Structures are given as C-alpha cells and as structure tokens.
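A.B. asks: Kindly return the folded structure for what I paste below:
(4 chains)
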4 protein chains.
Amino acid sequence: MRKKTFRLVISCPDRVGIVAAVSQFLNERQGSIIEASHHTDIEQKWFFMRHDIDAESLNITVETFREEFASIAEEFNMRWYVKDSEDRPKVILMATKESHCLNDIMHRWHTGELNCEIVGVIANHEALRSMVEWYKIPYHCIPVPKENKMPAFQKIEACIDDAQADAIVLARYMQIFPEYLCEKYRHRVINIHHSFLPSFIGAKPYHQAAVRGVKLIGATCHYVTADLDAGPIIEQDVIRVRHSHAAEDMVRLGKDIEKLVLSRGLRYHLEDRVLVHGNKTVVFAE
Amino acid sequence: MRKKTFRLVISCPDRVGIVAAVSQFLNERQGSIIEASHHTDIEQKWFFMRHDIDAESLNITVETFREEFASIAEEFNMRWYVKDSEDRPKVILMATKESHCLNDIMHRWHTGELNCEIVGVIANHEALRSMVEWYKIPYHCIPVPKENKMPAFQKIEACIDDAQADAIVLARYMQIFPEYLCEKYRHRVINIHHSFLPSFIGAKPYHQAAVRGVKLIGATCHYVTADLDAGPIIEQDVIRVRHSHAAEDMVRLGKDIEKLVLSRGLRYHLEDRVLVHGNKTVVFAE
Amino acid sequence: MRKKTFRLVISCPDRVGIVAAVSQFLNERQGSIIEASHHTDIEQKWFFMRHDIDAESLNITVETFREEFASIAEEFNMRWYVKDSEDRPKVILMATKESHCLNDIMHRWHTGELNCEIVGVIANHEALRSMVEWYKIPYHCIPVPKENKMPAFQKIEACIDDAQADAIVLARYMQIFPEYLCEKYRHRVINIHHSFLPSFIGAKPYHQAAVRGVKLIGATCHYVTADLDAGPIIEQDVIRVRHSHAAEDMVRLGKDIEKLVLSRGLRYHLEDRVLVHGNKTVVFAE
Amino acid sequence: MRKKTFRLVISCPDRVGIVAAVSQFLNERQGSIIEASHHTDIEQKWFFMRHDIDAESLNITVETFREEFASIAEEFNMRWYVKDSEDRPKVILMATKESHCLNDIMHRWHTGELNCEIVGVIANHEALRSMVEWYKIPYHCIPVPKENKMPAFQKIEACIDDAQADAIVLARYMQIFPEYLCEKYRHRVINIHHSFLPSFIGAKPYHQAAVRGVKLIGATCHYVTADLDAGPIIEQDVIRVRHSHAAEDMVRLGKDIEKLVLSRGLRYHLEDRVLVHGNKTVVFAE
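C.D. replies: The predicted structure follows:
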C-alpha cells in the first residue's frame, strides 16, 4: 500500500545551485517528488536535503540512480546516499529485564508501523525470551559478567555482524557500550536515556530528578558515542510530575515517555530523516 | 539585523518539473535560498511551495523578480506572489474590553518581534484607549449598537480602507463580522476563538466546556469566513484543566493560550507561512 | 511492596463538619492517612473526598470499617464506599481487530503496573486470540452480525456476569453498546474515543479531523452512556499534527494518544480516583 | 467578587491526628473549607497542609484565629501561618532591559489577575521607566557598576525594606543576587531562569542549548539561594524546537515560556500554595 520510493539524502557545504542541480536531475528522469525537505545551517554554512521520490515515476533502479547521480555529488562535495524504501533495514534490539520499550517496538513492528526487519534481540538476561519468541524473533542471551565484560561484547559484536544489522537499538539495555563498538557502529546505535539530557547523565536519573525536585521529567533518544549520554540527540519529550510523585512513580510515568521517544526516534532513523552533523542532528520529521 | 529577503509563495496543480523550473530560475539569478518548504497534497494533487531568498544575492528589485517570474507562473498555472520582507504589512487590531491579546501583540510589536506596522486599533469601547495610545497607535472607538450595526461596520470598513490595512486581527473582538466584510477581506481577517474548534462554537465556550467536563481547554486562530467559527484554521493549542477549575478559572487560564495561539498565528501570517487551499491551511512553520 | 490500604470514597451535599467527622473517626482508630483529596463544587454545593489509609495502622477489617462508618455516612447523607486495596477489581477487555490499546493494557498488567485481575477478553473477531492467550487470559470470540446484534450482546452480558467483572474496558471495540447494558453497567464501562470530544463524535473521527484541518488531534476516555460519546469524561489528551499528515497518518499518530489516555483513565478508575457527579467527573489524580 | 478567606498553611512531622485536630478546630468555629490540600512525604515523614477557609463563616479576625490556633500548632510542632486573603502581599519587581516578563506581570496585575500590590520596580537601566510608569508604579533605577556592586546592592536592600516588600521577583534581572541578600530574603526572592534546570546553569543557556542540540527548551521559576540556579524549583515548562531554530530563535521562543512559568510560579507563591522543605517545594496548585 505504501508507495515504493527512493530516498535521496544529502549534506554538503552550502552554495548556490545545489537545489537547481538536484531538481533538474530528477526532472530529467521524470521524478515525482513526494516529500522534500531542506535546511541550511547559516552558521556552519552547511546544507542538508532529503527527497522522497516516487520510484515508479523514475523508472530506473536504485543502482542506476546511484551511478548517474555520482557526478553531481562530486561537483558539490556531497555526503549522500540513495535508498530504495523497500530495502527494509535490519534492526537488532538490545535489552536487559525491563520490557516496556522492547514490547512497544515489537508491537509496532508486528502491526506494520515500523518499516524494518527485526533480526534479533540480544539480552543479558533470560527474562524476556518468551515475549520475544512470541513475535518469532531470535533471542540471544549474552550475559555480561561484571568482572570481565570484553568477551561478552565480542559475542555481541559477532551476533550483530552475523545478522548484518543496520541499526542497533538499546531498548533500556543497562550496560555501557564499549568505545570500540561505538566507533565501529557510529550513528547506528540508538539509545534511550531516561532523562531530559543534558540533565541527569548516568545512573538512576529519576532518583536524581526526585532529589532535585524538578517539575517535569523526560527521556532522550540519541546516537551512542564514546562520551556517555552525550551523543547527538534525535528526539526528546517530557511529562509533568508533582511533589506527590516519589522516585518510583517517576520510574513508572517515565516509561511512557521513554517508549514514545524511542519509537519516534527509531522511526525517524529508519525513514532516513536524521542527518548527523558534528554532535547535532537535523531531523526532517514529517 | 534581519536579512532582507524575497518571499516567493506558490500553490498550483501538482506535476513534475515545478521545483526544477523554480530552482533553475533562482540559480540563474544567483539566488541564495535561506529557507525552502514544499508540500504536496496527494489527494488534491496540489502543490505548495515557499522560498525565502537572500535579496542581496539576487541583486534585482522585487518588481523585476515579479516580471521575470511571470512566465514560469503562467506555465504551471500558479497562484503566487513574491514579497520584499522589508515591505512591512499594515495591521489593524480590533478589540472590545479584554486587553490580554491586544497587550500581547502590541508588546511583541514594540520589542521588534513582529515584522509589521500596526496602523490602528478599532474598538467598540473606550476602555483600552490609554493602553493603546502609550504605544503611539491611533485608537478608533466605533461603538456597535445592538439595534443597528450596519452603519458601525461601514465606519469600520472605511477605517480599514483608509489605513490600507493588509491584515485585520480580531483580538477578542466580541462582534460578529458581517458577511460582506468577510468576503471583501477574504483570508486577511484573523480571529482568535476561545475554544479548541470545532468544539464549542459560538458564545461562552468556556462555560460550555465547564458543563461538558472536558479535561483540556483550547484556543483556535483562524481566518474569518461568513460561516461562524468555521474558517480555515491557522493554529491551535490547549491547556489542561481539572475538576477544581470552574468556568471563571477556565476564562483566566484560557487567556494564556488565546494570546499565544493568536500571536503565533499572526506571526505565521505576516511571514507568509500560511497558504489557504479550500477550507484548510498549509502552514510552513519555521 | 505496595502498602495495603483502605480507600474511603465519599460524595455528599456540602456542609460544615464533614472533614472533622471523618478525620476524627480515623483518628480514633489510629488511621494513618497516606493520601487525602477533597473537592467542593461550589455551584452544586456538593462535596467529594477520597482517603487512602494505611490498613495496618487501623488494625480492623474492611468489613468492620464499613459497619462502624455507616452512622457518619447516614448523618451526612453520603454516597460512599470503602475498599481494601488488595481486593483487586476484575476487568474484562473488549476489542475488535486493532491491538494497540489491548496490548498496552495487557503489558502494563503483566508487569504489575495495573492493580487488577484481567478475567477475560471479549472480541468480535479471532484476530487477537494468540496475543491474548500468550498472557494466559481467556479469549471469548463473540461475533456481532450486522443484521441481528441482540443475541450477541446477550452472550456478552452472560460472559461479563459469569466473570463477575467490576469494569468493562472497550479497547477500540468497534460496536455500539446497547442502551440496556449501558444502564446495567453504569459507570463501569470505560471507552476510548479517538477524538478530542466533543469534537468529531461518531465514526471516522480522524477523517473528520483531516477534513476540518485541525492542528491537534486527541483521544477521550469516558464512561459509556446511552448517549453516544457523551458520557462523563475521565481523561483526554492531544498530539500536534501538520498539513503533511493525511488521515492515515493521524490514525497512526492517534494510536499513541489513545493508548496513553485509556491506560491513564483505567488506572484512575481502578484506584478509585474517579467520582462521577451528574455527567461530570472529579478525578483525584496522584 | 473573590471571597475573603483565611489561608492556613502548615508543615510538621507526620503523625496520626493532625488532620483531626485541625478540622475539629475549624468545625468548632463553623469554618467552611473552600479548598483543602494535604501531602505526606513518606520518606521524610513530614506532613504538609493548606486550607482556604471562608472568612465569613468563621466570624473571627485573623488575629484571633492566630491566637487560638497556637496551642494546636505547638502540640504538633508545626511551622505554620494563617493569612487573610485581603492582606495583599507587597511585591517588588526587578529587571534589566528585557521587558517581556515585566510587561506580562504588570498586565496581569493591572487586570486584577494577580492578588498583590506592586510597590515598585527596581532596574539597573532606564530603558523600562516609561512602560512601568504607565502602570503608575514607582521606578527605581539603580545601576550596578561591574567594578563595585556592593553599594548598589545596599541601595537595593534599602529600597526593598522601605517598600516593606514581601516578595522580590527577578523578572530577567541580569545580576547575581549577593549571598547576604539571598539569606536575608530567604524563600522570598523568585527568579526565572531561561533553561530547564538543572540543564544549562549560568550564562547564555539558549546558546548552550543550541550547541548541545536539544529538541526542547525550557524555563524554571525558583527561589533564589546563594547556590547559583540551584534553589527550590517552583515551576517549569518547555517548548519544542527544531534544527531550524538558531540560538536567537530560541531566545524569542523561550520568552513565551519564561513569562508563563514566572507568572504561574508567582501566582502560586502569592496564594501561599508553595511550601518549601529542604531544597524542594510542595506546590498545591489549584
């Protein structure tokens, strides 16, 4: 039912003529544009663009598109890619024992809301196996012992690589990703942090929030980098709390925001709506 | 400080080649695009576009732009205009006795937040004269007697026309605009209705809300049409209420939403971000 | 871990001395109050009160409490009840084919967030059986043929009564409840309507919203009455939409609000936080 | 129109019998309770209570109330006060050059929304004199030279004391209050910080927010303490931003949140709805 589209995503130094060149390219191939978004970062002098093009109108393969577009890309010094919307990205989910984010993502995927293939769940406990397997998703339990984590992360790495995962979603995965994996899977590991970053970095953010007496709590979906909870932010939201909410109430209320923010962030990522530049994102939300 | 720009606003039947034609036109004139927004209404097969172009980069007047663009416009059957951002639109505000919306707009204008010229306030009472005159804005008191309103509206019409107002803002003006003026100033009269339309059309919406026991109240900024509270919606927002809020509390709380929604809607209108199509709007918010 | 409490819920004509009488009653029995909420409807001259009392501090059974409190209740002409928080209410869920609300409620219940017993799911299709049965909840498929609905509703009634359900949750159940069942289960049938009532009553509210061009869409949790979508409202919320969202996008975005609003409303109901008076509710949210 | 009430505000160690004692005291004097709010901090074992009592129903003066209540207060070791709602608190506003918060508060006061007496505006520049004087409020310009601030703050102190101000509102006052004044006016100096604390403490929070790439910006109303931007939080709120918003757009958008949050916080303070305990507040919002 969803139309097959090609998604052309570009970022490059800003200058006159980029849009003209790209739109003429599309026009020459009779490309019907379904959605187009632009952004110019005036300060950085950098240009960002995303097109969703009706694939049928073009009548060429994504490979041909890629070849033919290359010279324009070179001319304007673009970082760019084009994707067929029917090439569904492969996603690995990672979790510990909390199931609210995991259940939310799997349910959205199951009902066709998320355009991806979930190729596996990696968890450091057995707790969620039965729920995951109901969805017929492979479950990999890889415990991460406190005293020696490296072998566990090597198994995780192998598991990710075997599955050829395009994206790794930390759905309340309670382990810190090692630096070398952050580097290896740069801008492909998506985390949900249970605070409105940059407030309350690190452990037990709801307890930190309760101690500080804030009147709103939040959640942040971001790309994981070696710098803890400091990667590029994709999406955030908050919910109101009162003096009557103890830390454990915040934990409960926060779950609703965590799962919403993570699902929204993941959706933007899967639809190629997130362009990273430095430590910030451009998000072309619908 | 704000850059002088030309705003090119277009709506037309959708087809391949519009963006290419427009962007080539701009490219040939070395136009540097500061902001660009597109929307295709798939169902209606209608295309909408707004460009904010650095005027200096173009090095032509807005009149020359207008002449030279005309042939493209004709080719694609466009409804369109181009405006110099330094030609500040003339605005008339209308009010009764309530001052919260009026004060909010005048203060924003006074501090340079709204890029327009406020050429006058028309009110059917004297209550707000001193506040308005502090801002050095002409105040026209035109009472509207219940038994014979037409002469009053003719005076209002003359006042609007004398001032050559581009936009008329009903800032809690408690009179129904006559049909012929709705027609005459089509898509130029902006109203704030104190409910989340289409709920609670007509008089005393907060009292209607209190009776129905809703948990959120709202406000709606819309273009005025002959059909009461049914014109194209520009902006809406809501605020939470509880059982402890009586109708008069809603009146107080609602004011904050009314002034925010009206100011936002007015800003969008003044920046040529609102494109009307049928009874709906496309709003290219920043 | 949750403390056992007695919940004393009262509504009665307002007069001086109610709080004194109740608090002295509790004080004499050494009752430690964990949460107390009052509301006076000035216009209606009606008083509402809810207490959550540490059951251990009282050292009597809920039956004894009930007997001993009766004379105060009579004196002040109270509608009232007291409940042991460990007597978990029995809940029946009803659905059609859409699973987002059902999955959300079952998951919350499964993880211990909702303090109730889910005694069954009644659906008019088989589509959701496997998901429900994973949670080990009995699934009753009772089709409702267009031409003759009454026998189906009699089966539904029998099913509800067999299960001794305290609450019936219409989790996107796409059938109109017959009037006699609305009466029989008065203030016990909870529905989620996919609009911000009173806007867009009846069928296809998102399509109505798309046609009207609103800038926010919402959902409403309310008690079902014979008057369609007009029963007492428990909870509402909204989400922002733009011109780029077609009706089917609203359907998708709306789901997130529907499930949140329904779960919140259900939680309030299960914790005896909702007091109905006329066609309105007092909701003592935490 | 507003009823004259006595506001009884109490905080004390939690134990059985407090509510009974207070409500019996009120009952004996025929006190009709218009609004009552309780909170027990389970962890801290501390109890908070606020009553709004119809003054007419009591038929005693606030002084008599004060005398008669003293023995109960002593018994339960209460920090407490009772106030006549018609004794309007005296408020001093402080500002620099930015007028949005100042204008918002003065306008609310002018239209009768804020139940206080504004006894003066202290500013370190002349910029806002004419606006303030339109409201017939005394304007004190006290410049604060960089190299020697103490004499200025002594003048400010004298000005506050001369006016017998109950509350001091820093309405975007761009100077750090000296520690001895924070101590002297403990829990009486209200500040608006233009970030969602504890994020972005200190100078230029919007620029910090732009650098970090957050998706929401906020404002925080709090009591000023010697510890910069770390005092007890009264109220907070946020607004959504996008990649298209540069720091100067955030400055503009943030103003709307700043003035709303400050006005709400001030209102809570003036209505004795804010109870400070340690570094946190209990806010009995209506």
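A.B. asks: Distance from the chain centre to stretch A:186-204, please.
C.D. replies: The chain centre lies 13 Å from the centre of stretch A:186-204; the measure is Cα atoms, centre = their mean, to the nearest Å.
A.B. asks: Tell me the secondary structure of the closest residue to residue A:272 other than its chain neighbours, please.
C.D. replies: Here the nearest residue to residue A:272 in space, its sequence neighbours aside, is residue A:7; by Cβ to Cβ, 6 or more residues apart in numbering or on different chains that works out to 4.7 Å. C-betas here are computed from N, CA, C, even on glycine. Here residue A:7 is recorded as strand under DSSP: H, G, I helix; E, B strand; the rest coil.
A.B. asks: Distance of residue A:7 relative to residue A:65?
C.D. replies: 11 Å (Cβ to Cβ, to the nearest Å).
A.B. asks: and chain A, which residues reach chain B?
C.D. replies: A:16-17, A:19-20, A:23-24, A:26-27, A:30-38, A:40, A:42, A:57 (Cβ under 8 Å from any Cβ of the partner chain).
A.B. asks: Please pick the buried ones from these.
C.D. replies: Buried subset of these (neighbour count, 16 or more other Cβ atoms under 10 Å in any protein chain shown): A:17, A:19-20, A:23-24, A:26-27, A:31-38, A:40, A:57.
A.B. asks: which SSE is the residue in the stretch 51-200 of chain A positioned nearest to chain B in?
C.D. replies: Nearest to chain B in the stretch 51-200 of chain A, going by Cβ to the nearest Cβ, is residue A:57, at a distance of 7.1 Å. Assigned by DSSP states H and E, residue A:57 belongs to helix A:55-58.
A.B. asks: Show me what that helix is packed up against.
C.D. replies: strand A:5-13 (3 or more Cβ pairs under 8 Å, 6 or more residues apart in numbering or on different chains; DSSP states H and E).
A.B. asks: Now the strand it packs on: buried residues?
C.D. replies: For strand A:5-13, by 16+ other Cβ under 10 Å, it's A:5-12.
A.B. asks: What of stretch A:187-206?
C.D. replies: In stretch A:187-206, the ones that count as buried by 16+ other Cβ under 10 Å are A:187-200, A:205-206.
A.B. asks: Just the CA coordinates for stretch A:76-96, please, in PDB.
C.D. replies: Only the C-alpha atoms of stretch A:76-96 are listed here, as PDB (Å, rounded to 0.1, in the frame of the first residue of the first chain):
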ATOM      1  CA  PHE A  76      29.100  19.700  -4.800                       C
ATOM      2  CA  ASN A  77      31.200  17.700  -2.500                       C
ATOM      3  CA  MET A  78      28.200  15.800  -1.000                       C
ATOM      4  CA  ARG A  79      28.000  13.200   1.700                       C
ATOM      5  CA  TRP A  80      25.000  11.400   0.300                       C
ATOM      6  CA  TYR A  81      23.100   8.200  -0.200                       C
ATOM      7  CA  VAL A  82      20.000   7.000  -2.000                       C
ATOM      8  CA  LYS A  83      17.900   4.100  -0.700                       C
ATOM      9  CA  ASP A  84      15.000   2.100  -2.000                       C
ATOM     10  CA  SER A  85      12.300   2.200   0.600                       C
ATOM     11  CA  GLU A  86      11.600  -1.400   0.000                       C
ATOM     12  CA  ASP A  87      15.100  -2.400   1.200                       C
ATOM     13  CA  ARG A  88      14.000  -2.700   4.800                       C
ATOM     14  CA  PRO A  89      16.800  -2.000   7.200                       C
ATOM     15  CA  LYS A  90      17.800  -4.800   9.600                       C
ATOM     16  CA  VAL A  91      17.500  -4.000  13.300                       C
ATOM     17  CA  ILE A  92      18.900  -5.600  16.400                       C
ATOM     18  CA  LEU A  93      17.200  -4.800  19.700                       C
ATOM     19  CA  MET A  94      19.100  -5.000  23.000                       C
ATOM     20  CA  ALA A  95      17.500  -5.200  26.400                       C
ATOM     21  CA  THR A  96      18.000  -6.300  30.000                       C
END
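A.B. asks: Can you show me the strands along the stretch 1-150 of chain A?
C.D. replies: Ranges of strands in the stretch 1-150 of chain A, per DSSP state E, counting those that start in this stretch, are A:5-13, A:32-41, A:46-54, A:79-84, A:90-95, A:117-123, A:139-141.
A.B. asks: who wins for proximity to residue D:89 among these?
C.D. replies: Within the strands of the stretch 1-150 of chain A, the stretch nearest residue D:89 is strand A:32-41; the backing value is 47.7 Å (Cβ to Cβ).
A.B. asks: could you check the angle strand A:46-54 makes with that closest one?
C.D. replies: Interaxial angle, strand A:32-41 versus strand A:46-54 (axes from the mean of the first three to the mean of the last three Cα atoms, to 10 degrees): 170 degrees.
A.B. asks: Show me what strand A:32-41 packs onto, helices and strands only.
C.D. replies: Against strand A:32-41 (3+ Cβ pairs under 8 Å, 6+ apart) you get strand A:46-54, strand B:32-41.
A.B. asks: just so I know, which of the ones you listed lies nearest residue A:226?
C.D. replies: strand A:46-54 (23.6 Å).
A.B. asks: Between its first and last residues, how far does stretch A:138-154 reach?
C.D. replies: Terminal residues of stretch A:138-154 are spaced 18 Å apart (Cα to Cα, to the nearest Å).
A.B. asks: mind checking how far that stretch is from the chain centre?
C.D. replies: Here stretch A:138-154 is found 23 Å from its chain centre; the criterion is Cα atoms, centre = their mean.
A.B. asks: Report the buried residues of it.
C.D. replies: Neighbour-count burial for stretch A:138-154 flags A:139-140, A:142, A:144, A:149, A:152-153 (criterion: 16+ other Cβ under 10 Å).
A.B. asks: Same question for stretch A:209-217.
C.D. replies: Of the residues in stretch A:209-217, A:209-210, A:212-217 count as buried by neighbour count, 16+ other Cβ under 10 Å.
A.B. asks: How about that stretch and chain D, any contact?
C.D. replies: Yes: counting by Cβ under 8 Å from any Cβ, chain D has neighbours in stretch A:209-217: A:212-216.
A.B. asks: can that stretch be found next to chain C?
C.D. replies: No: using Cβ under 8 Å from any Cβ, we find that stretch A:209-217 stays clear of chain C, coming within 14.2 Å at best.
A.B. asks: Keep only those of the residues of stretch A:209-217 next to chain D that are in helices.
C.D. replies: Judged by DSSP state H, the residues of stretch A:209-217 next to chain D include residue A:212 as members of helices.
A.B. asks: which among the residues of stretch A:209-217 next to chain D gets closest to residue C:48?
C.D. replies: Once Cβ to Cβ is applied, the member of the residues of stretch A:209-217 next to chain D that ends up nearest residue C:48 is residue A:215, at 25.7 Å.
A.B. asks: contacting residues for that closest one?
C.D. replies: A:240-242, D:233-236, D:283 (Cβ atoms under 8 Å, 6 or more residues apart in numbering or on different chains).
A.B. asks: Equivalent analysis for residue A:62, please.
C.D. replies: A:6, A:55, A:82-84, A:87.
A.B. asks: buried subset of the residues you listed?
C.D. replies: Buried, going by 16+ other Cβ under 10 Å: A:6, A:55, A:82-83, out of these.
A.B. asks: picking that back up, keep only those of the buried residues of stretch A:187-206 that are in strands.
C.D. replies: A:189-193 (DSSP state E).
A.B. asks: Of those, which pair is most distant in space?
C.D. replies: It's A:189 and A:193 that sit farthest apart of these, by Cβ to Cβ, at 12.6 Å.
A.B. asks: show me the biggest helix of chain A in terms of residues.
C.D. replies: The residue-count maximum for a helix in chain A (DSSP H) belongs to helix A:247-270.
A.B. asks: Enumerate the positions of it that are buried.
C.D. replies: Using 16+ other Cβ under 10 Å as the test for burial, helix A:247-270 gives A:247, A:249-270.
A.B. asks: quick one: is stretch A:238-247 near chain D?
C.D. replies: Yes: interface with chain D: stretch A:238-247 contributes A:238, A:242-244, A:246 (Cβ under 8 Å from any Cβ).
A.B. asks: from those, which ones fall inside helices?
C.D. replies: Reading helices off the residues of stretch A:238-247 next to chain D, I find no matches (DSSP H).
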